[in-house]
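Trainee: Okay, here's the prediction I keep looking at, along with the sequence it came from:
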Amino acid sequence: MKGLAEFVMRSRFRALLVAVIGAGSLMFCWISAAVVALVTLRRGAQEGAWLLLWALLPAAALLYLAGDAGPVSLLLGTTVLALVLRNSVSLALAVLASVAVGLITGAALQVFAAAMLEQIVAVFGEFLAGMEEQLSVQGTEPVVLLRPTALQVAGMLGAGTAMTSVLCLLLARYWQAALYNPGGFGEEFRALALPRMVALGLALAAIALAALGSEYRTWAMMFMVPLTFAGLALVHARVKWRGQGAGWLTGFYLAWLFFDPVKLLVVLFAIADSWMNFRQRWAGGAAKREDDPD
């Protein structure tokens with residue numbers, strides 16, 4: 001991946017080539033978003049905006065032909081986060097801005113892409129109907145599965161855009177550090193933490209939305225995105241402090257992907273860290289052991 005970043009940053013034309021080709025593909029639009037973010041971080045908002053406008057052309061064509069707004073929303077969302085990071089030099093603030101990206105994306109889909117949402121709802125309905133038939137044949141009673149609504153799907157897509165935009169931003173930041181500041185990304189990411197009132201506000205907002213009903217639970221997930229990344233950063237800091245290898249992180253991420261309780265623990269630890277500052281405690285404990293080896 002570092003080789004791709006080197007290729008992109010050698011010339012304006014190469015960056016344009018990669019961004020445009022990636023933006024026209026549902027599978028590789030994340031590469032285009034990360035390239036636009038890298039150029040924005042390194043060369044400024046004007047250069048990033050120029051590249052974004054070109055990348056939006058194939059993404060808009062894909063939206064028109066296939067009805068998929070994913071590449072457009074990802075390009076715009078990632079660029080917004082890159083601008084926030086460049087202007088504030090705060091990774092925490094950039095990750096926090098993903099909540100706004102998710103909310104705006106979900107609201108825009110409801111207003112401008114209602115037909116697409118209904119198509120997705122119909123696809124889900126057909127899939128669940130098939131599952132109901134299979135389960136009803138195996139059991140003695142008919143099985144009825146809940147169908148998602150357009151509001152739920154919009155929230156799910158908004159939360160997905162928020163999460164993916166942060167991932168693309170982190171990839172761009174990693175590329176930038178690998179090219180111009182080796183090792184800097186790891187230190188920056190491991191230091192990611194949220195202020196206590198911000199973490200508490202995010203948690204309360206997520207709980208309040210989830211309490212409104214099942215239709216709003218996907219929207220509540222948007223407020224969990226910054227807490228999730230803050231929790232993951234805390235895990236990386238803990239692994240670094242204990243000197244554990246990449247194998248431990250691989251096992252952790254597999255558990256995080258497949259087990260929901262692990263996701264919840266990551267969020268809870270992020271909230272606790274905003275109040276207790278675990279990194280400072282670990283550093284203090286390590287310094288104390290060095291001063292008093294006995």
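Mentor: That came through, no problem. Everything quoted here is computed from the prediction, not taken from an experiment. Numbers count the residues shown, from 1 in each chain.

Trainee: OK, contacts around M224?
Mentor: Under the criterion of C-beta atoms under 8 Å, 6 or more residues apart in numbering, the contact partners of M224 comprise L202, A206, V267. Yep, even glycine has a C-beta here, placed from its N, CA and C like the rest.

Trainee: Next, the contact list for the first one, please.
Mentor: With contact set as C-beta under 8 Å, 6+ apart, L202 has these partners: V99, L194, F223, M224, P226, L227.

Trainee: Find the helix or strand that it is a member of.
Mentor: Assigned by DSSP states H and E, L202 falls within helix 196-211.

Trainee: now swap in L157 and tell me
Mentor: L157 belongs to helix 150-180 when elements are defined using DSSP H and E.

Trainee: I'd say A82 and A172 touch.
Mentor: Yes. Taking contacts as C-beta atoms under 8 Å, A82 lies within contact range of A172: 6.5 Å.

Trainee: and for these two, which residues touch both?
Mentor: When contacts are counted by C-beta under 8 Å, 6+ apart, A82 and A172 are jointly contacted by A37, T40, L41.

Trainee: pLDDT weak spots in the stretch 1-150 of the chain?
Mentor: Within the stretch 1-150 of the chain, the segments meeting pLDDT under 70 span 132, 135-141, 143.

Trainee: And the helices in it?
Mentor: 2-9, 12-23, 29-43, 45-66, 70-88, 91-112, 114-138, 150-180 (DSSP state H, counting those that start in this stretch).

Trainee: got those as a markdown table, with mean neighbour count columns?
Mentor: What follows is the helices of the stretch 1-150 of the chain, written out as a markdown table (neighbours: other C-beta atoms under 10 Å):
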| stretch | mean neighbour count |
| --- | --- |
| helix 2-9 | 16 |
| helix 12-23 | 19 |
| helix 29-43 | 26 |
| helix 45-66 | 17 |
| helix 70-88 | 23 |
| helix 91-112 | 20 |
| helix 114-138 | 13 |
| helix 150-180 | 22 |
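
Trainee: can I get those in JSON lines with distance to L234?
Mentor: As requested, the helices of the stretch 1-150 of the chain are exported to JSON lines (distance: least, C-beta to C-beta, whole Å):
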{"stretch": "helix 2-9", "distance to L234": "26"}
{"stretch": "helix 12-23", "distance to L234": "32"}
{"stretch": "helix 29-43", "distance to L234": "24"}
{"stretch": "helix 45-66", "distance to L234": "30"}
{"stretch": "helix 70-88", "distance to L234": "20"}
{"stretch": "helix 91-112", "distance to L234": "12"}
{"stretch": "helix 114-138", "distance to L234": "35"}
{"stretch": "helix 150-180", "distance to L234": "15"}
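
Trainee: looking at it, L81 is touching S98, isn't it?
Mentor: Yes. Distance between L81 and S98: 6.3 Å, which falls inside the contact criterion (C-beta under 8 Å).

Trainee: so what sits against both of these two?
Mentor: Going by C-beta under 8 Å, 6+ apart, residues that sit against L81 and also against S98 are S165, V166.

Trainee: Let me know which of the helices of the stretch 1-150 of the chain is the nearest to A210.
Mentor: When the helices of the stretch 1-150 of the chain are compared by C-beta to C-beta, helix 150-180 sits nearest A210, at 10.9 Å.

Trainee: and the closest one, what other elements does it pack with?
Mentor: helix 2-9, helix 29-43, helix 70-88, helix 91-112, helix 114-138, helix 184-190, helix 217-220, helix 225-242 (3 or more C-beta pairs under 8 Å, 6 or more residues apart in numbering; DSSP states H and E).

Trainee: Any stretches of the stretch 151-294 of the chain with poor pLDDT?
Mentor: Segments of the stretch 151-294 of the chain classed as low confidence (criterion: pLDDT under 70) are 284-294.

Trainee: Next, the contact list for K240, please.
Mentor: When contacts are counted by C-beta under 8 Å, 6+ apart, K240 touches G186, R190.

Trainee: The same query, at a cut-off of 6 Å, please.
Mentor: K240 makes contact with R190 under the criterion C-beta atoms under 6 Å, 6 or more residues apart in numbering.

Trainee: before we move on, what about A23?
Mentor: Counting by C-beta under 6 Å, 6+ apart, A23 touches C29, S32, A55, P58, A59, P71.
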